[in-house]
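Q: Give the three-dimensional model of this entry:
(chains A, B, C and D)
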Number of protein chains: 2
Amino acid sequence: MTTDTLSRAFAALADPTRRDMVARLSEGDATVSQLAEPYRMTLQAVYKHLRVLEEAGLVSRPGGPQPRPVRLEVQAFDLMDTWIERHRSRVEQRYRRLDAVLAELKGDDDGQNHGDSNRSRSEAAGHPDES
Amino acid sequence: MTTDTLSRAFAALADPTRRDMVARLSEGDATVSQLAEPYRMTLQAVYKHLRVLEEAGLVSRPGGPQPRPVRLEVQAFDLMDTWIERHRSRVEQRYRRLDAVLAELKGDDDGQNHGDSNRSRSEAAGHPDES
DNA sequence: AGCACTTTCAACCACAGGGTTGACGGATGG
DNA sequence: CCATCCGTCAACCCTGTGGTTGAAAGTGCT
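A: Just a heads-up that it's a prediction; the model follows:
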């Protein structure tokens, strides 16, 4: 309902069937029944999956209602991609910086980390936003 | 249970709270209680989220049991990233090829698409695998 | 109009998932 | 030893979701 696009996109791809549909759609558009054919579930179930993908913005349905084609929508992928990429890169940066620090003080300190190494709780961070 | 890693990874990131945790962990390791502090839910709830992230392979818990740190695990992100990237690129290739075809036969055919433009159901494709 | 086919809606069922409360093991510190 | 904080497990509630069946629309063909 109030769920944001990113959540819906990730949730949509959390299902193997849906991922398979996306995989097949990446090869070319298809109608609902064409999509449904390989699976052992009902056409209605497939249709429901389709709705999920649609509401996640991963898929669109252009054309008047008959053999209504289903088309992949790339932009939603970009959303997830940039999200993942942003945080992945942050971690890697942190690793690089840590390696630098380790190289800096070589091997003088004891190997034990006393747990409270990161006392930097500077920003309140009381906001579960997405930035 | 029998759910594959990719499904778990996507499902894990489908939750805003979990995504926020990942975002914060990308800035540095943290303990369970440190992680829990900003949210208005119980520590146990946060712990559960943590378990989800852990079973998805997005996070690891090194160190003996005391202020057990939580650490981001980048490799799982690579999994999702490559998946997304693979299919995104396929669609883009298709678009390029389609543009090429359109350019090829410029404007001779009628503008109406009779719906059954893609009769190419050549490959059986009856395999819901992940490849 | 009538028939066949494809898409869509609605009601229902079983189960996974986010959240809670309650209690328990294990280290830390008086 | 006893208090305490942290992490963890378990039972339970409620909602969301994947799947079903059954029935309705919309369109194409004769």
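
Q: Can you mark which positions in the helix or strand of chain A with the lowest mean pLDDT are buried?
A: The helix or strand with the lowest mean pLDDT-type score in chain A, counting by mean pLDDT, DSSP states H and E, is helix A:74-104 (a mean of 86). Residues of helix A:74-104 classed as buried by neighbour count (16 or more other Cβ atoms under 10 Å in any protein chain shown): A:74, A:76-77, A:79-81, A:83-84, A:87-88, A:90-91, A:94. Every residue, glycine included, has its C-beta placed from N, CA and C.

Q: Then stretch A:40-49?
A: A:V46, A:H49.

Q: now do stretch A:51-58
A: Neighbour count says stretch A:51-58 has A:V52, A:L53, A:E54, A:A56, A:G57, A:L58 buried, by 16+ other Cβ under 10 Å.

Q: does the first one really touch A:M21, like I thought?
A: No. Here A:V52 lies out of contact with A:M21, judged by Cβ atoms under 8 Å, at a distance of 9.9 Å.

Q: about what we covered before: show me which of the buried residues of helix A:74-104 is closest to B:Q44.
A: Nearest to B:Q44, judged by Cβ to Cβ, of the buried residues of helix A:74-104 is A:H87 at 25.3 Å.

Q: Contact partners for the nearest residue to A:E85 once chain neighbours are set aside?
A: Computed as Cβ to Cβ, 6 or more residues apart in numbering or on different chains, the closest residue to A:E85 that is not its neighbour in sequence is B:D81, at 7.1 Å. By Cβ atoms under 8 Å, 6 or more residues apart in numbering or on different chains, the contact list for B:D81 reads A:D81, A:I84, A:E85, A:R88.

Q: Then A:E54?
A: Going by Cβ under 8 Å, 6+ apart, A:E54 touches A:S60, A:R61.

Q: Which stretches in chain A count as strands?
A: With DSSP state E as the definition, chain A shows strands at residue ranges A:30-31, A:59-60, A:69-72.

Q: Quick one: the ones you listed as CSV, columns for distance to B:R8 and mean neighbour count too.
A: As requested, the strands of chain A are arranged in CSV below (distance: least, Cβ to Cβ, whole Å; neighbours: other Cβ atoms under 10 Å in any protein chain shown):
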stretch, distance to B:R8, mean neighbour count
strand A:30-31, 27, 19
strand A:59-60, 23, 19
strand A:69-72, 23, 20
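
Q: do you know which of the ones you listed lies nearest chain B?
A: Between chain B and those, the shortest separation by Cβ to the nearest Cβ is 5.1 Å, and it involves strand A:69-72.

Q: May I have the strands that pair with that closest one, each with its orientation?
A: For strand A:69-72, the paired strands and their directions (DSSP bridges) are strand A:30-31 (antiparallel), strand A:59-60 (antiparallel).

Q: Enumerate the residues of chain A near DNA strand D.
A: Within chain A, the positions near DNA strand D by Cβ under 7 Å from any atom of the strand are A:1, A:3, A:11, A:15, A:17, A:40-42, A:44-45, A:48-49, A:52, A:64-66.

Q: Inside helices: which ones of those residues?
A: A:A11, A:T17, A:Q44, A:A45, A:K48, A:H49, A:V52 (DSSP state H).

Q: List, out of those, those positioned next to chain B.
A: With Cβ under 8 Å from any Cβ of the partner chain as the criterion, the subset of these in contact with chain B comprises A:A11, A:T17.

Q: do you know which of the strands paired with strand A:69-72 lies nearest B:S33?
A: Evaluated with Cβ to Cβ, the strands paired with strand A:69-72 place strand A:59-60 nearest to B:S33, the distance being 41.2 Å.
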